[in-house]
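Trainee: coords please:
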Amino acid sequence: MHIVAMEVTAMQYGTLIVEVTVAQQALPIEGAEIIVTNDDQSVDLHLSSGANGKSPVIRIEAPDRELSLNPNNQDIPYAKVHVTVAKAGFATRTFRNVQIFAQEEALLQVDLLSTDEELAAQFEEYLEIPEHALTRAMARSCGCSRGGCCGFSDSVSAGDAEESIAPYVLDYPIIPKYVTVHLGRPTASAQNVTVTFKDYIKNVASSEIYPTWPEQSLRANIYCQISLCLNRVYTEWYRSRGYSFDITNSTAFDQYFVYGRDIFTSISKVVDDIFNEYIRKVNTVNPYYAEYCDGRQVWCKGLKQWGTVDLANKGYNAFEILQNYYGQDIELIDTNRIEGVSGSFPGLNLQRGVRSDSVAIIQNQLNRIAVNYPNITPTYPVDGIFGSGTENAVKAFQRQFSLTADGIVGKATWYKISYIYVAVKKLAELTSEGVEERLPGVYPGRAIRQGDRNVYVQEIQFYLQKIALFTSRVPTVKIDSSFGATTKAAVVAFQRLAGISADGIVGRQTWDILVRAYRETQAIQPPSAQMIPPYPGTALRLGSRGENVSIVQWSLNIINQGWGVTNQLSVDGIFGSGTEAAVIAFQRRVGLTADGVVGRQTWNAMSEQYSIATNNAVALSEQNFELYRFLYENYTSLMYAMDNHQPNL
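Mentor: Coordinates of the predicted model:
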């Protein structure tokens, strides 16, 4: 069903976010000047990037969305603005004709190049973004379809590309970390640019199709773009012919890539979800050379871009759309052979309540990313338990990188965390910080002091925060990765409490006593800042699930530390037989009907006993801490002698 051509004059709005970073999103740049204008001067904004490197959301008037859904429309369906980004110590970058679609969010990712003031003008960059592929008569080829059948002596027709006898240098298809793109025809003298694979696909999709199209249409087109690129990489199509690139941006040979252009959130989310999936013919190995064209200005025997909109509107899913164009003998392959990531997706979503090594990996990686992105709160302890702290950190990460902020680590979030972690790690290595695999509690090998910003500072802040729950002599601190005046004051207070030199520097001695003091406090659970909330209004019983069940389990564990009546419960939010037995034991102990159901009476009694237990814990922990300090003062020299000299006993 084709959309009937209609006159559309109403103006709507789209949005733009400018993200300013260095080293491929490894570090956000705060305080960059962002100037947004347009040709008729109806837009003239002067903004700056925040601590997360992002501009405020910029609202731009744009043509009616329906224009981009009508294949017969002759008008440009998007607005255009010009963006300049400048910051002292970096080369200025200007982007003309950034495209804004109605009711769509555009993202302009600006990576700045650090340079001294004298060379800044030399490295200044001015980029002109051409019109979208669908709005102009793209030269798909000289009278033939995409694939390169003229002007390139080594080429073959698009239809024969997948059957060509190019040497298969790679043993199996992989998702490359980077793609090198030649900005012109293969034989033309043109610039090569190297971008990450996902950024390449997001750019191509934003250049080839409209972000307003139905999701299944977007997915079908993006599968083609992924497969075409992977076919070029797998067959080493250009490199085997002596070229120093993987693919071109010429639509006569490959697909449209526009260096420096903006991308769209709707497209970005789809790419993040399916970037490691590609089309192949049944009983073959190579990614399928998925020929496609717009189906309006150019005709080909492969997928028709505008036709996918019609099919999606008829209810076809992405795979059915692909089968419609390429036949029934195709399949979608999901590969975990991905270069440049720190581990494969475990296969199951990670979310609240999950306990696994994969959760610990995510916690560690988010903590390191949080050093560079302070809007992400680090998660401690790194225990492999997906609790509310981990969920909040995941949501903050997802918001930062334009993912669906649901707090669930699915495939898209897993690989984005992995990619950013690798990027910040690489930047750290280049700046001589160094990143190494380490275990919590192990001294980092150098003193940590005011001015430092790293994961070791996070760990120190976590220990101080926990100890502060047990003694008012140590002020509480925020876990923010930054060793500032507040953290130094807390370190000094702790050192005085421990009876060691109060210099505010965490050297080996301070580190060891801090870790040991923290472990001492963990023998007694700290009181909750808000204690137990009021009765939720609904009785909890065998089969119940949720946070209120977790509160019951946690509270009974605390109460039972003094009573020793039942075994410790797993705080998993599931009211199973073990929880029921613990509730019955509690009810018997306090003289209530032992039915295993947590109604109002049982809840209130539990709250009262929890308060008593935690108050006792605070008093006892103060005594234990003072006793520990006394033992430390008397045995420190002996402990260090044994640690350092290791006598034969």
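
Trainee: so I500 makes contact with R508?
Mentor: No - with contact defined as C-beta atoms under 8 Å, I500 does not count as touching R508 (11.1 Å). Every residue, glycine included, has its C-beta placed from N, CA and C.

Trainee: Counting neighbours, go ahead and name the busier of these two.
Mentor: Ranked by neighbour count (other C-beta atoms under 10 Å), I500 and R508 place I500 first, with 17 against 14.

Trainee: Quick check: the more buried one vs Y238, distance?
Mentor: Distance from I500 to Y238, counting by C-beta to C-beta, to the nearest Å: 64 Å.

Trainee: give the contact list for the nearest residue in space to Y380 that is not next to it in sequence.
Mentor: Nearest residue to Y380 in three dimensions, chain neighbours excluded: F462, at 3.8 Å (C-beta to C-beta, 6 or more residues apart in numbering). Contacts for F462 (C-beta atoms under 8 Å, 6 or more residues apart in numbering) come out as P378, Y380, P381, I479.

Trainee: Now intersect the residues you listed with the helices, please.
Mentor: Using DSSP state H, no member of the contacts of F462 falls in helices.

Trainee: low-scoring stretches of the stretch 301-450 of the chain, by residue?
Mentor: 342, 428-439 (pLDDT under 70).

Trainee: average pLDDT for stretch 226-241?
Mentor: Taken as a whole, stretch 226-241 carries a mean pLDDT of 94.

Trainee: Report how far apart the opening and closing residues of that stretch are.
Mentor: 22 Å (C-alpha to C-alpha, to the nearest Å).

Trainee: Give the buried residues for that stretch.
Mentor: 226-239 (16 or more other C-beta atoms under 10 Å).

Trainee: Run the chain-centre distance for that stretch.
Mentor: 28 Å (C-alpha atoms, centre = their mean, to the nearest Å).

Trainee: again, but for stretch 44-62
Mentor: Counting by C-alpha atoms, centre = their mean, stretch 44-62 comes out at 21 Å from the chain centroid.

Trainee: and S206, which of the three is it?
Mentor: helix (DSSP: H, G, I helix; E, B strand; the rest coil).

Trainee: What residues does it make contact with?
Mentor: Taking C-beta under 8 Å, 6+ apart, one finds R261, D262, I263, F264, I267 in contact with S206.

Trainee: Once you drop chain neighbours, what's closest to it?
Mentor: That would be I263: by C-beta to C-beta, 6+ apart, it lies 4.5 Å from S206.

Trainee: Okay, the one you found and V85: tell me how far apart.
Mentor: Taken as C-beta to C-beta, the span from I263 to V85 is 16 Å.

Trainee: Next: A188.
Mentor: Noted for A188: a distance of 29 Å to V85, by C-beta to C-beta.

Trainee: Please apply the same query to V271.
Mentor: 24 Å.

Trainee: Likewise for Y200?
Mentor: On the measure of C-beta to C-beta, Y200 and V85 end up 22 Å apart.

Trainee: what do you get for Q328?
Mentor: Taken as C-beta to C-beta, the span from Q328 to V85 is 49 Å.

Trainee: quick one, which of those two is more surrounded?
Mentor: Set Q328 next to V85 and count neighbours by other C-beta under 10 Å: V85 wins out with 26 against 8.

Trainee: so that one is in which element?
Mentor: strand 79-86 (DSSP states H and E).

Trainee: and if you look at L127?
Mentor: Assigned by DSSP H and E, L127 falls in strand 125-128.

Trainee: neighbouring strands for that strand, and are they parallel or not?
Mentor: Here strand 125-128 is paired, per DSSP bridges, with strand 93-100 (parallel).

Trainee: Which residues are in contact with Q41?
Mentor: Q41 touches nothing, counting by C-beta under 8 Å, 6+ apart.

Trainee: Offset the numbering so it begins at 52, please.
Mentor: Yep, numbering from 52; the last one is Q92 now.

Trainee: And it, what's its pLDDT?
Mentor: 86.

Trainee: and the direction of the longest strand along the chain versus that of strand 130-137, what angle?
Mentor: With secondary structure taken from DSSP state E, the chain has its longest strand at strand 62-73. Strand 62-73 and strand 130-137 are oriented at 20 degrees to each other (axes from the mean of the first three to the mean of the last three C-alpha atoms, to 10 degrees).

Trainee: Could you identify the helix or strand that succeeds strand 62-73?
Mentor: Using DSSP H and E, the first helix or strand after strand 62-73 is strand 78-79.

Trainee: which helices and strands sit right next to that next one?
Mentor: Counting by 3 or more C-beta pairs under 8 Å, 6 or more residues apart in numbering; DSSP states H and E, the packing neighbours recorded for strand 78-79 are strand 62-73.

Trainee: what about the strand it packs on, average pLDDT?
Mentor: For strand 62-73, the per-residue pLDDT averages 95.

Trainee: ditto for stretch 646-659
Mentor: Mean predicted confidence for stretch 646-659 is 92.

Trainee: Show me what counts as buried in it.
Mentor: Applying 16+ other C-beta under 10 Å to stretch 646-659 flags G647, V648, V649, T653, W654, A656, M657, S658 as buried.

Trainee: Output those residues in a markdown table; the columns should cover distance to F296 and secondary structure.
Mentor: Formatted as a markdown table, those follow (distance: C-beta to C-beta, whole Å; DSSP: H, G, I helix; E, B strand; the rest coil):
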| residue | distance to F296 | secondary structure |
| --- | --- | --- |
| G647 | 69 | coil |
| V648 | 69 | coil |
| V649 | 65 | strand |
| T653 | 70 | helix |
| W654 | 67 | helix |
| A656 | 72 | helix |
| M657 | 67 | helix |
| S658 | 67 | helix |
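
Trainee: Which pair of those spans the longest distance?
Mentor: G647 and S658 (18.0 Å; C-beta to C-beta).

Trainee: for the stretch 302-451 of the chain, what spans make up the strands?
Mentor: Remark: strands assigned in the stretch 302-451 of the chain by DSSP state E, counting those that start in this stretch are 314-315, 328-332, 343-344, 354-355, 381-385.

Trainee: Give me the residues contacting the second one.
Mentor: By C-beta under 8 Å, 6+ apart, the residues outside strand 328-332 that reach it are 213, 224, 274-275, 277-278, 281, 337-339, 341, 373, 377, 380-386.

Trainee: In helices, which of the residues you listed appear?
Mentor: Y274, C275, I277, S278, L281, L373, Y377.

Trainee: Can you convert the residues you listed into a markdown table and add a column each for distance to K228?
Mentor: Output for the ones in helices among the contacts of strand 328-332, formatted as a markdown table (distance: C-beta to C-beta, whole Å):
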| residue | distance to K228 |
| --- | --- |
| Y274 | 20 |
| C275 | 22 |
| I277 | 15 |
| S278 | 18 |
| L281 | 13 |
| L373 | 26 |
| Y377 | 28 |
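
Trainee: Going by distance to L362, which of those residues wins?
Mentor: Out of the ones in helices among the contacts of strand 328-332, the member with the shortest distance to L362 (by C-beta to C-beta) is L373, at 9.9 Å.

Trainee: mind listing what the closest one touches?
Mentor: Applying C-beta under 8 Å, 6+ apart, the residues near L373 are A271, Y274, C275, I330, L354, I381, L383.

Trainee: coming back round to it: name the nearest of the ones in helices among the contacts of strand 328-332 relative to G555.
Mentor: Of the ones in helices among the contacts of strand 328-332, the one sitting nearest to G555 (C-beta to C-beta) turns out to be I277, at 52.9 Å.
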